[in-house]
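[1] Please work out how this folds:
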Amino acid sequence: MAKTIRAYLLRVRVALADESADYAALQSDLLTHIAFFQHERFVHLIITLAFAVMLIASFLLPLELAYIAIRVALLALTAAYVAHYYFLENSVQELYRIYDAVRDLAKNAK
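    Numbers count the residues shown, from 1 in each chain. Modelled structure (predicted):
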């Protein structure tokens, strides 16, 4: 998903650099992609919270090697999901800023 978002952000920035861009079409496309990425962000929020809850719950288990291995695995997965969620959140926020700029450009183009 990160690769898809990066590619889309690049495509939008290239379109914005084009003076003859159709801002109304770009605005509509942005709304569609923002909705997709918001859904992805929400799903990853749920997954991240689930792994965080499992990590916290794992501390109720006894201090044995197998349980310590489970804690380490849950810690690594939780850290990876938090990092990915952070990327998704920042990317969606960037798309909001771009959408606002495109909306203003579309108004001024009329």
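[2] now the helix ranked longest in the chain, how far from the chain's geometric center?
    Longest helix of the chain, by residue count under DSSP state H: helix 65-109. How far helix 65-109 lies from its chain's middle: 4 Å, per CA atoms, centre = their mean, to the nearest Å.
[3] In terms of secondary structure, what does it contact?
    When contacts are defined as 3 or more CB pairs under 8 Å, 6 or more residues apart in numbering; DSSP states H and E, helix 65-109 packs onto helix 2-17, helix 23-58. Where C-beta positions appear, they are placed from N, C-alpha and C, glycine not excepted.
[4] Show me which residues of the first one are buried.
    So the one you mean is helix 2-17. Ile5, Tyr8, Val12, Ala15 (16 or more other CB atoms under 10 Å).
[5] Out of these, which one has the weakest pLDDT?
    Model confidence across those bottoms out at Ala15, which has 90.
[6] Which residue comes closest to the residue nearest to the spatial centre of the chain once chain neighbours are left out?
    Centroid-nearest residue in the chain: Leu88, 1.5 Å away (criterion: CA atoms, centre = their mean). Nearest in space to Leu88, with sequence neighbours left out and distances taken as CB to CB, 6 or more residues apart in numbering, is Arg41 at 4.4 Å.
[7] Let me have the helices and strands packed on helix 65-109 in JSON lines, adding distance to Thr78 as columns.
    What follows is those, written out as JSON lines (distance: least, CB to CB, whole Å):
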{"stretch": "helix 2-17", "distance to Thr78": "18"}
{"stretch": "helix 23-58", "distance to Thr78": "4"}
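[8] Indicate which one of those is closest to Gln93.
    With CB to CB as the measure, helix 23-58 is the member of the helices and strands packed on helix 65-109 nearest Gln93 (10.0 Å).
[9] Show me what the closest one is packed against.
    Other helices and strands packing on helix 23-58, by 3+ CB pairs under 8 Å, 6+ apart, are helix 2-17, helix 65-109.
[10] Distance to His33 added to those, as TSV?
    Shown next, in TSV, are the helices and strands packed on helix 23-58 (distance: least, CB to CB, whole Å):
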stretch	distance to His33
helix 2-17	6
helix 65-109	7
